[in-house]
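Participant: sharing a model prediction with you, sequence too.
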Amino acid sequence: MDSQDKKPVPRFSSFKFPQPPPPETDRPSERSRESARRDERSRHHSSRRRSHRDRSRSREHRKERREHRHSHGRHSHRGEVASESRTDSKPVVKETKDEDTDLFVIDRKGDRYNLIYGTIHRYNVPAYRRFGRGGVLGLPRNHRIDRDTSEGGALVIRTTAEFADSGKLKSKNILSGLRKQKGKLLRVRPQPISESTADEQDYLSLNISSYRGDRDHLKELDSDDDKFAYRSIHGKAKPEEHIASDLEAVSDTDSENEGFRVDLNEEIKQTNADLTRRTQGNPTDVGAWLRLIDHQTAVLSGAEESRPLTYAERTGLADIKMSIYEKALKQIGQHPGRERLLLGLLEEGAKLWDTKKLLQRWQTTLKANSQFISLWVRYLDFRQTQFLDFTYERCLATFIECLKLNQSSPNGPEKAYVQNYLFLRMTLFMRESGFAEHAVGLWQGILELTFFRPGGYTLQTDREKVLPEFMEFWESEVARIGEPGAKGWKSGSSAAMDPKGLSTTQPISRKSVFRSWIASERERTANARLPARSLDELEDDDPYRVIIPSDLWEVLSIFWNPTAPNLAEVLLDSFLYFCHLPPLISPSNMQTTKRWAGDNFLRNEFMSSAELGLEDWFPRETNTDNSTAAPLSFPHTNFIQTVDTLFGNQKTWFSLFDSWVKAAVNTQSDVDPEWVRRALRLLVEANPAKDDLAEYALALEFACNIKEAKKFAKSLLKKRSSNLHLYNAYALMECRSGNTSTAEHVWATTLSMSKSFSDQERIDNGLLWRTWFWECLEPRDIARASHLLLALPQQNVDLKLLAEASQPTFGATNLLKMHSFLSDSQEHALAARKASVYVAYTDCSAILSYLTHALNLEKSLEPYSAAFTRLSTLPAHDSFKSFTTELLHQSRAKLLYHHISQGNAYKPAHIRALLTESIALHPHNTIFLSLFAWNESRNRIEERVRGVIRDITTTATTQAAKHNNILNTQIPITSHLFSIYTELNRPVYAGSTLHSVRAAFEKALADPTPDSSYPDRPTNTSSIGAHSNLTLWKLYILFELSRGNVNRAKAIFYRAVRACPWSKELVMLAFTHLRADVVKQRHGNADTSGKVKVKEEGMGFEELRRVWNVFVEKELRVHVDIEGVLDEIVVWREEGGNLPIDMPEDAESDEMQM
């Protein structure tokens, strides 16, 4: 048939009219024809893919393409019909030119919409298709686009090694689709009752409906096979869910028509409507607005609250919350709660805006609402954690600006509290950036001004007169607080400091520049922990070593305010945090400085030591036989100190100072332990009324030097001869040293001597009795403990009878006397508001019940229940009540642990219930958490621990956390560390894997950009995570290195530097742990199990040089400047001359020995 007689066929972009057959002699072979057909099919499929992608283009582009394809098809068809008579080849040349234009597009100007929208204009992108399975032109071959994790308009580029660990993430994303599927509603199929079966209503069938349904299903298998047969017009068969015959699916409409609707989201919708009506009825109710905003997460997630939100959902949720915040701000006007709404608005905005826009919004908000100090504190967090805009001087100026604002605010109960927090944050920031001398100098200045000011200056003295006098004292360069020979400004007899000659013994070697530099830098840092004197012989001219009066004036003139209430007490608490010491908790600071115990910026004691590794802070419990030591090994403390923990014995109970001694005393820490101990001694002398501070300082001395601690105790007892706290501490020191007879002599003598003390002082005898009882119980000396109980009402102990004591019998009269004495003593202690004494007498009562009822645990717990009931009568918001309650729970936990560890009978469920009760009231107390995890592990039940940890590290659990937006951290860093600790020590059979530990780290960090997909996205410092905590980042890096994952460790390192750009120690990890020669020496080519793995190299010279530039860009302190040496090495490498470096033996690597 002639071609003109053929019916017209549709012309698609992939259609090409067949060419006329060539002559027989010119026809290709069969193999060539088969290859041509494969090429044609490949081009056809490629054209179909291009056509599918082009559907998202604009209408103009589609119109042009249709015209082009139509013209192209028309020319091709005509060329086929008149190929014999046509000799002009121009159409063919033009077609080739068009194809070339479509294949290659050159753009040298870029897209101006990058500056407008932050991304390219999608409709200006010419048609293209990707090639190379995710490869990117210009990048190494091991870098590919990860399409599984790309979100929004960004692309995530990963290395081949990173793709290997993304299997779990892919499966998680696959399952996320299943979580989004809506559940099917079912109901019992109604059965019509006929008259013939009315008499059988009382008959009960024993057949189960599901069995009947299964039989019916089996009968219908043949018919089901024919429902959608192959090539059916109904399309491809889809899997159906089997429903029992007595059930049926019901739609929303059906259930509505019947008057009964099953909607899992109905309650959420109703709550949202109620909250909306509340805000409309009372627009100035800030709490209602905040509850409505918080509820939007539940509205979006629906009944599936546990499923993770997608990127689009997160941004949409942030946009919704921002609109409600803006509406609320318009409604409330200048309400006192306005600051909370402004903080929330900026927090949600940080999820949507880039750094530049967020900074502009911060500045606009502060300008219009400069009276809110909480805004300035959050602004401080923002400026300190933004890598792109951070410099040391700029951030320091922000600190000073915040101090000035708070100083100018009206006097209030929180003014001194906030001012001390800002001062503490600023000095820690200085030291962590490398300026330790300036930070220590400021603390020396403020402590001298506050506690050692000469008597001639009163509180009413003009500050402008005191400060110049103090600057003269500083300029005299005599010994200052904490230095040898210092006695305080007011003494006027502080010793003069002899000039010191400090020289570096670690020279810089060009053959191993970074290795020699790190040794020299560490040596200089250790020598620069305290300010130098102008007469000291320094090797180089370092302007930061000597702190002159002008360096102190600007800050001290703003911060020091002698008329501020509670300045001395809050300043002492702040000083302990600065020294990385555990906080000294009391009823007076339960609602103030105790909240700093979990602050992400303050609790970084692990960073103070560069020599300790992962095992020192997350010890592995390898000895399963010694299970009683397991709960005591968690090194991060968050509990109220008692005499048991101050002078703790790690074999029997928790110790407060073991971690600090390990970090500060036994290594070269950034905290000088000798300076801390000397400063605390002077502060104890300056505060004679603070018994808890004296006891705390004695315990610290005992942990560092037992001999010096005993001397210090005797000197204090000479000055405070009626202080029963100090007598008890000294006796306990003797007991811990192995001198039991000496300790008992001190206790007995003190009890006898206390009869001449006043009633207010004599009530403290309960502390001595309790300590003595426990020192008898721990070695299981029941007879001696029972004899002491009998002597309790007389307040007198005969040591001769005690030495010969046998197991006594408790008569009814004796029991009545003891119970009556303990009950009266408890009431006296409660009336005097002495929490530790009240708890001590409660412990004595519990021990009495324990011994008189044959070590019955349930009987011994009754005194604690009675004590809790008695405390319940106190006001709910009384800090004394909360402090005493937590102390009682700690004491009860100690008795539980003692009973179990001694091998006595107990009910695990009972222990679990008691510890769960303690955790519910005090969820972040590490004593309760450690004992709970230990008890569950003994019973091989691990999932309960995960559940508890998940609860306490996810949501805020106190009302204070919901209402205090200034200085409160919802989830303490210690709880996040405990979560990671439990995952590391969880057995493999209980689900502990490498990925579960990583998940614990990631949850703790709550990093908004874990894959660095959005480097310009601001950090959300207000989340429940600890993204700005240096300790977490360092431990995460060390964990990956311990598993041999060098590439992961490097990726986490860069994330850490972006999140915490002020930390010098984080940057130093690149030179101490990630250096190529260090990685090769420690890890080699095998992982921890000994299996050979893909070689992962550390940082080479060029990478380390770029990291070193971070010190310069961020203005961090470097003692030994090697910038010139690095430039010389770069020049030598480019010239290819004789490099003064040692090249590695592997010729294929350009790594140098650094």
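Facilitator: That came in fine, so what should we check first?
Participant: flag every buried residue along the strand or helix carrying Thr279.
Facilitator: Secondary structure from DSSP states H and E places Thr279 in helix 266-281. For helix 266-281, a neighbour-count test (16 or more other Cβ atoms under 10 Å) marks Ile268, Asn272, Leu275, Arg278, Thr279 as buried. Heads up, the C-betas are built off the backbone N, CA and C, glycines and all.
Participant: what does it contact?
Facilitator: Under the criterion Cβ atoms under 8 Å, 6 or more residues apart in numbering, residues 285, 288-289, 291-292, 295-296, 298-299, 302-303, 328, 331 lie in contact with helix 266-281.
Participant: kindly report the same for stretch 751-766.
Facilitator: With Cβ under 8 Å, 6+ apart, stretch 751-766 has contacts from 722, 724-725, 768-769, 795-797, 825, 828-829, 832, 834, 837, 840-841, 844.
Participant: quick check: buried residues in it?
Facilitator: Result for stretch 751-766 [16+ other Cβ under 10 Å]: buried residues Leu751, Ser754, Phe757, Arg762, Ile763, Asp764, Asn765, Gly766.
Participant: same question, stretch 325-344
Facilitator: Under the neighbour-count criterion of 16+ other Cβ under 10 Å, stretch 325-344 has 325, 328-329, 331-332, 335, 337-344 buried.
Participant: return the subset of those lying in helices.
Facilitator: Secondary structure from DSSP state H places Tyr325, Ala328, Leu329, Gln331, Ile332, Arg338, Glu339, Arg340, Leu341, Leu342, Leu343, Gly344 of those in helices.
Participant: turn these into a markdown table, including distance to Thr642 and pLDDT.
Facilitator: Output for these, formatted as a markdown table (distance: Cβ to Cβ, whole Å; pLDDT from 0 to 100):
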| residue | distance to Thr642 | pLDDT |
| --- | --- | --- |
| Tyr325 | 44 | 94 |
| Ala328 | 45 | 92 |
| Leu329 | 47 | 91 |
| Gln331 | 49 | 89 |
| Ile332 | 45 | 87 |
| Arg338 | 42 | 88 |
| Glu339 | 38 | 87 |
| Arg340 | 36 | 89 |
| Leu341 | 42 | 92 |
| Leu342 | 42 | 92 |
| Leu343 | 37 | 91 |
| Gly344 | 39 | 91 |
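Participant: and which of those residues is nearest to Glu605?
Facilitator: Lowest distance from Glu605 to these (Cβ to Cβ) belongs to Leu343, with 28.7 Å.
Participant: what's the distance between that closest one and Gly337?
Facilitator: 11 Å (Cβ to Cβ, to the nearest Å).
Participant: same deal with Leu816?
Facilitator: 56 Å.
Participant: could you dump the buried residues of stretch 751-766 into CSV with pLDDT and secondary structure added?
Facilitator: Listed next are the buried residues of stretch 751-766 as CSV, based on pLDDT from 0 to 100; DSSP: H, G, I helix; E, B strand; the rest coil:
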residue, pLDDT, secondary structure
Leu751, 94, helix
Ser754, 91, helix
Phe757, 90, coil
Arg762, 92, helix
Ile763, 94, coil
Asp764, 94, coil
Asn765, 94, helix
Gly766, 95, helix
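Participant: distance to Asp498 added to these, as a markdown table?
Facilitator: Output for the buried residues of stretch 751-766, formatted as a markdown table (distance: Cβ to Cβ, whole Å):
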| residue | distance to Asp498 |
| --- | --- |
| Leu751 | 48 |
| Ser754 | 47 |
| Phe757 | 46 |
| Arg762 | 49 |
| Ile763 | 49 |
| Asp764 | 44 |
| Asn765 | 48 |
| Gly766 | 49 |
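Participant: just checking, Leu801 touches His787?
Facilitator: Yes. Here Leu801 reaches His787: they are 7.1 Å apart, a contact under Cβ atoms under 8 Å.
Participant: settle it for me: which of those two has more neighbours?
Facilitator: More neighbours sit around His787 than around the other of Leu801 and His787, counting by other Cβ atoms under 10 Å; the figures are 21 against 11.
Participant: out of everything not next to it in sequence, what's closest to Asn745?
Facilitator: Quick fix: residue 745 reads His, not Asn. With Cβ to Cβ, 6 or more residues apart in numbering as the criterion, His745 has its nearest non-adjacent residue at 6.8 Å, and that residue is Leu799.
Participant: I misspoke; the intended subject was Thr884.
Facilitator: According to Cβ to Cβ, 6+ apart, the nearest residue to Thr884 is Ala835 (4.2 Å).
Participant: ok, now Tyr838?
Facilitator: Nearest one to Tyr838, counting by Cβ to Cβ, 6+ apart, is Ala829 at 4.0 Å.
Participant: ok, the one you found - contacts?
Facilitator: Neighbours of Ala829 in contact, by Cβ under 8 Å, 6+ apart: Ile763, Gly766, Val837, Tyr838, Ala840, Tyr841.
Participant: strands of the stretch 451-600 of the chain, start to end?
Facilitator: Applying DSSP state E, counting those that start in this stretch to the stretch 451-600 of the chain gives strands spanning 501-502, 537-538.
Participant: who's in contact with the first one?
Facilitator: Outside strand 501-502, the residues within contact range by Cβ under 8 Å, 6+ apart are Asn527, Ala532, Asp536, Glu537, Leu538, Glu539.
Participant: so what's the second one scoring on pLDDT?
Facilitator: Going back to what we said before, that points to Ala532. With respect to pLDDT, Ala532 has a value of 92.
Participant: distance check, it against Glu401.
Facilitator: Relative to Glu401, and taking Cβ to Cβ, Ala532 is found at 29 Å.
Participant: mind checking which of the two has more residues around it?
Facilitator: Ala532 (21 against 15).
Participant: which residues does the residue nearest the centre of the chain contact?
Facilitator: Nearest to the geometric centre of the chain sits Ala1026, at 2.7 Å (Cα atoms, centre = their mean). Residues near Ala1026 by Cβ under 8 Å, 6+ apart: Asn600, Ile971, Ile973, His976, Ala1004, Leu1005, Ala1006, Leu1032.
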